[in-house]
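> need coordinates for the following:
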Amino acid sequence: MRVMGVDPGLTRCGLGAVEGRPGAPLSLVKVGVVRTPADDEIGARLVAIEAGIERWLDELRPDAVAVERVFAQHNLRTVMGTAQASAVAILCASRRGLPVALHTPSEVKAAITGSGTADKRQVGTMVTRLLRLDAMPKPADAADALALAICHVWRGGAQNRLAQAAERAAGRIADASGEADAPGGTTAAAYFRGRGRAGYSRGTTK
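Residues are numbered from 1 along each chain as shown. As a prediction, the model looks like this:
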């Protein structure tokens with residue numbers, strides 16, 4: 001499974017991709033950041049971030065995209081910019097039909113280090129070890145993007161299997177209910193569609 005992680009931000013949007021599966025060694029595909037000047041207009045900055053993400057998607061062709069879930073911060077201006085960059089990443093992936101997963105910072109930290117309160121250096125150190133890198137990825141936004149991708153490889157596989165199992169179970173329940181006998185030998189679903197809600201004809205009152 002190839003996953004591209006996105007650590008959203010306006011000045012630096014971290015991007016990182018890994019390949020692997022749960023229980024097996026992971027490998028680095030690519031890591032980097034998309035930068036935009038702080039004095040540019042917001043529209044131009046978002047366009048630049050979109051172009052950078054699109055180039056990565058074209059080149060890497062990931063199976064899924066993991067984006068950091070934006071949470072409230074004390075600095076409203078910062079969280080707004082992060083949310084806007086996050087929306088661009090989600091849009092780019094969804095436009096291609098790619099699955100998008102949102103992971104909170106604490107979820108990622110817990111998955112990578114075992115502690116939901118780990119600092120950025122601890123996360124970067126574990127990313128370096130897990131991917132067997134010679135040096136810690138810099139800046140921290142790049143390491144965080146890789147951590148998101150690793151987290152999704154480990155957690156996303158199990159989540160996808162649970163979702164698929166739930167869909168199959170729901171399909172079996174729907175098929176079973178549709179086969180229930182109704183007056184006239186038709187299925188219950190067809191009968192009630194023809195008779196109106198709860199078996200009453202439209203316009204009929206109790």
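
> A83 contacts V70, doesn't it?
Yes: counting by Cβ atoms under 8 Å, V70 is a contact partner of A83 at 4.6 Å. To be clear about C-beta, it is placed using only N, CA and C from the backbone, and glycine gets the same treatment.

> so between those two, which is more surrounded?
Neighbour totals were compared for A83 and V70, and V70 leads with 19 against 13 (other Cβ atoms under 10 Å).

> spit out the residues that contact A83 and V70 alike.
Here A83 and V70 share the contacting residues P8, scored by Cβ atoms under 8 Å, 6 or more residues apart in numbering.

> flag the shaky bits of this protein, pLDDT-wise.
72-74, 157-206 (pLDDT under 70).

> kindly recompute the last result at 50.
Along the chain, the parts satisfying pLDDT under 50 run over 159, 161-166, 179-206.

> what strand or helix carries the residue most central in space within it?
Ranked by distance to the mean C-alpha position of the chain (Cα atoms, centre = their mean), the top residue is A101 at 1.3 Å. Take DSSP states H and E as the rule and A101 turns out to sit in strand 100-103.

> does E19 have any beta-bridge partners, and if so which?
Beta-bridge partners recorded for E19 (DSSP bridges): R2, S27.

> so it makes contact with M1?
Yes: E19 lies in contact with M1 (Cβ under 8 Å); the separation is 7.0 Å.

> hmm, the residue nearest to the centre of the chain is touching G156, no?
Yes: look at A101 against G156 with Cβ under 8 Å: they come within range, at 5.6 Å.

> which residues do those two both contact?
A64, A66.

> which residues of this protein fall in strands?
2-7, 12-19, 27-35, 64-68, 100-103 (DSSP state E).

> mind checking these for the one nearest to A87?
strand 64-68 (9.3 Å; Cβ to Cβ).

> and the angle from the closest one to strand 2-7?
Relative orientation of strand 64-68 versus strand 2-7 (axes from the mean of the first three to the mean of the last three Cα atoms, to 10 degrees): 20 degrees.

> so how far is M126 from the nearest residue to W154 once chain neighbours are set aside?
Excluding its sequence neighbours, the residue lying closest to W154 (Cβ to Cβ, 6 or more residues apart in numbering) is P22, at 5.3 Å. Distance of P22 to M126, computed by Cβ to Cβ, to the nearest Å: 16 Å.
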